[in-house]
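Provided below for reference: sequence and predicted model.
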Amino acid sequence: MTPTGVLRRITLATAFAGLITVGALAQTQDPTPQQQDIQQDKKDIRQDKKDLNRDRADRNADQRDINRDKRDIASDKKDVRQDNRDIRTDKQDVRQDNRDIRNDKKDLSQDRTDRNADQRDINRDKTQLAKDDTKYGANSSQAQADRKDLHQDRVDRNRDQRDVNADKRDLNKDRTDRNKDVHDLNADRRDRNQDVKDVQKDQKDLKADRKDRNHDQKDINKDKKDLHKDRADLHRDKHHK
């Protein structure tokens, strides 16, 4: 290797070592006030961006809550309207059941009256038959007519008794239906009252969520102002002489 090449290599190595030394010295030196301001401005900007993103996320979550509250209110109001329709239907059913019960009681009373009248006819026929048997003989026309009347009265009495039994079954069934309809009415009223409470609760939640959303929006607006101010400070500090 020529002396010129050796000298060139020594010069390059010396220059490189000098650069490293200067860099090390620059790193060990304290930053200037301007550099400190710039670093602080960058830190503030990063924090502002984090705050802005967090507040936007909160605002969006609040908006989703608001949308859900609106859907819940609409659904609850729909339930209340359906409950009111059910209540009106139940009231109509109860009124009809009460009318049926009153009619059943009238029918039962009338059939019992008929049945009792038939029984009195039977008792009278028996008395008359005994008298005619004694007076005219068991095979007399009078006795035969009494037996025929007694048979017919017994047929009528049995038919009226079946009517009485049927009326009792109808009355019991209508009472059962009435009691069930009253139970349904009370259940629908409880459902309606609960749905009204749900509407009121959802409205309160909606109001609170709107308040939170508005508060978060204010925070977003403030974060934007802070971010804009910190960027302006950074720009000023970078170009400050």
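It's in. Residues are numbered from 1 along each chain as shown.

so who does the residue nearest to Arg115 when sequence neighbours are not counted touch?
Sequence neighbours aside, Asp160 is the residue nearest to Arg115 in space, at 3.8 Å (criterion: C-beta to C-beta, 6 or more residues apart in numbering). C-beta coordinates here come from the backbone N, C-alpha and C atoms, glycine included. Going by C-beta atoms under 8 Å, 6 or more residues apart in numbering, Asp160 touches 111, 114-115, 118.

mind redoing it with 10 Å?
Residues near Asp160 by C-beta atoms under 10 Å, 6 or more residues apart in numbering: 110-119.

would CSV of those with pLDDT and secondary structure be doable?
Listed next are the contacts of Asp160 as CSV, based on pLDDT from 0 to 100; DSSP: H, G, I helix; E, B strand; the rest coil:
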residue, pLDDT, secondary structure
Gln110, 96, helix
Asp111, 93, helix
Arg112, 96, helix
Thr113, 96, helix
Asp114, 93, helix
Arg115, 94, helix
Asn116, 96, helix
Ala117, 93, helix
Asp118, 90, helix
Gln119, 94, helix
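
list buried residues within those residues.
111-112, 114-115, 118-119 (16 or more other C-beta atoms under 10 Å).

what's the neighbour count on Val80?
18 (other C-beta atoms under 10 Å).

scratch that, Lys50
11.

that one sits in which helix or strand?
helix 33-136 (DSSP states H and E).

which two in the buried ones among the contacts of Asp160 are spaced the farthest apart?
Spanning the widest gap among the buried ones among the contacts of Asp160 are Asp111 and Gln119, at 12.5 Å by C-beta to C-beta.
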